[in-house]
Each structure stands twice: as structure tokens, then as C-alpha cells.
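Enquirer: Only the shape, not the letters, is given here:
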């Protein structure tokens, strides 16, 4: 399987390869599938494209490449409850989904009658397990939660270690996940569900704290970055929602929305000296019209493109003087005209941010 995540959710193009050589291709945007589910045979031929509906609810039967089918219940476009996978050779898989991910005990029956049981934890199968609070001698037999009580370490197929306690067959109490990229996530489970405040620590020292609904961030979250940047805001079903507050180590405060982990839409920044920046972001960069107001009343208005000042800008001073000219690569460039309150006009020639011609009064 080839996969990528953004902001803790499936994002981008995912590929899944079956043992018979067939492949599945699906695009995701912040955890939600979009576009058709593409099925190709071992020779690369497109067998079928199935439209994806984000709000599907009810019982569905999904055909598989090369024959076979998957059947089960969906809620708002996500798989829930027991699903059954049937292959043309008579083999089957059966087990539960939670929020679109396999979670719990799955039973695989081959055509010859051989039965294999696999445990999934939040979408990834368990490869091995060990009793206690730290890895010891890994056991590769099926870990059956209903038969276990106490502290265990689970090793998922993706290399993630999950350490915590089971009570009455369910994850309960403190749990900690250690990912192969050195990210850790820790918090409390109650009867198999994440509860309370969780802490995520990234390799670079970034720390995020907040709550989950199931396996998705939900409610207030905060992020403290190693460079001193702080982000505060809300998640809804795994997606950032509403306006977020960003605070820089320099004392600058900003407020505006995100799409995924990138700033978008209208943002306002306030500097410690009283300067205010107001404008728009596209895909994480300043893009479009911005207005910058200084504490003394000076106003700068102009355009950004991909994070850089460009095109015509107008600077209005408190005394009524107006300067107008071009920016290129965030620097004044070319002819600028300066008109004072009395109507007198001065022309200036700029080159890459440097005044190269003395002003002349017209």
C-alpha cells in the first residue's frame, strides 16, 4: 500500500495492491474520499470506476477488481460495523470498521477452509504483541482482547508500537503510540474509545494537545512549535474549522482560517508596535490584496502573489502624501510618483529596492 497523510488524515492519492496483482486507486482530501474509486487488473487495464459519494448511508455492496465484492453498512460515506469481503475463489474476510478504518478482530477464511484471525488497531493490523509495559519477547500469535487483561505492547504492521492496558477486552486507561518517524501520541481510553485531552509530540519538538472524537481530532486544539509559534483553534470531525489564532515568538498575533494545515481566506495580523496587516491567503501563502496600516496612520495597499509583493502599490502618509509605483520580487522597482498634499509631484526611479535617481520636482 502506498499512502500519505496530512494533518493526521488520509490525503492525496492512495494505492492498494491485492495479492492477485489488482490495484485500487483512490484520492483523499483531508480524510474524505473524492473522485472515482479506480480498479485496475494485473495488466493495468481499468476494470471499473466507481463514483464516491461523501454522504452515503445504508447497506452497500462494492464490487472488487477481478471479481468478488465487499458488503456492509456506511454512515455519511464511511464504513461502520461489520463488513464482509468475498473473493471469487470462495475466500472471505469479515470484521468491524470504525470511522472508515478496520478496528478490532477480523476473520479470514481461505477457500480450503483454513481460518486466520487478525487484529486491527485504527486501520492497521497487529503484527505481534508482548505483555508488560515495554517490549519483551514478541509473540506473533493472534492477540485476542477478550482474553487479555492488564498491560500490553502491540506492534502494528506499519512499525507503530502501541502501549497500554486492556480491561474487559477493551483498551482502557493510559495509552501511548510510538510511530516510526519518532512521533508519539498519548492519552486516555475509556471502554475502547479515546477520551479527554491527548498529547502529540513530533520529532522536531512540536507539541499538539486536544481532544478526539473516535480517532479524529475534535474540539479545541493547541500546537506549540519549536520556533516559538503557537496555534490555537478548533477541529470538527478531523478538520480545522473556524478562525484560528497564531502567535509568533516576536509577539505578532494573527487570526484567520485554515484548509488542512495551510492558511487560507482572510487573515489579520497585529504587531506589538500597533501595525496591522489585513489580506488573503491561498494555499498557505499571501495572495491577493493586502492593506498594511502603521501606528502613525501610514497605509500601504497592494497585491501579493505566492507570498511576494508584486504589481502596483500605493502608500498614503498621514499628511496626505501619496506614493504610487511597482513592486517586483518584494522590492520597489521602476518609476514611482510621489504627490504631496499641495499637489506637487516627485518622480523616483527604483531598481531592486534601491533608489537610483534623485527625485526631481515637476
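Expert: Everything's here; your move. From a predicted model like this one, the values you see are computed outputs, not experimental measurements.
Enquirer: how near is residue 118 to residue 79?
Expert: 17 Å (Cβ to Cβ, to the nearest Å). Glycine gets a C-beta too; all of them are placed from N, C-alpha and C.
Enquirer: Of these two, give the one with the bigger neighbour count.
Expert: Legend: neighbour count by other Cβ atoms under 10 Å for residue 118 and residue 79, higher for residue 79 (21 against 18).
Enquirer: what's the neighbour count on the nearest residue to residue 40 once chain neighbours are set aside?
Expert: Nearest-residue entry for residue 40: residue 23, 4.9 Å, with adjacent residues in sequence omitted and distances by Cβ to Cβ, 6 or more residues apart in numbering. The tally of other residues near residue 23 (other Cβ under 10 Å) stands at 17.
Enquirer: And for residue 157?
Expert: Residue 157, neighbours per other Cβ under 10 Å, totals 14.
Enquirer: And the one 10 residues further on, by the same measure?
Expert: Residue 167 sits with 16 neighbouring residues when counted by other Cβ under 10 Å.
Enquirer: same deal with the one 10 residues further on?
Expert: Counted with other Cβ under 10 Å, the burial measure for residue 177 works out to 20 neighbours.
Enquirer: Now for it: which residues touch it?
Expert: Counting by Cβ atoms under 8 Å, 6 or more residues apart in numbering, residue 177 touches 160-163, 184-186.
Enquirer: Return the set of buried residues in stretch 252-271.
Expert: By 16 or more other Cβ atoms under 10 Å, the buried positions in stretch 252-271 come out as 252, 254-260, 263-264, 267, 269, 271.
Enquirer: right, I mislabeled it, should have said stretch 152-170
Expert: 152-156, 160-167.
Enquirer: Export those residues as CSV, with columns for distance to residue 144.
Expert: Converted to CSV, the buried residues of stretch 152-170 look like this (distance: Cβ to Cβ, whole Å):
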residue, distance to residue 144
152, 11
153, 16
154, 12
155, 16
156, 16
160, 20
161, 19
162, 16
163, 18
164, 16
165, 16
166, 10
167, 15
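Enquirer: In terms of distance to residue 304, which of those residues ranks first?
Expert: residue 160 (40.5 Å; Cβ to Cβ).
Enquirer: Excluding chain neighbours, give the residue nearest to that closest one in space.
Expert: residue 179 (5.1 Å).
Enquirer: Give me the distance between residue 59 and residue 96.
Expert: Applying Cβ to Cβ, the value for residue 59 to residue 96 is 15 Å.
Enquirer: Name the residue in these two with the higher neighbour count.
Expert: Set residue 59 next to residue 96 and count neighbours by other Cβ under 10 Å: residue 96 wins out with 17 against 9.
Enquirer: Regarding that one, which helix or strand does it belong to?
Expert: Here residue 96, judged by DSSP states H and E, is contained in strand 92-98.
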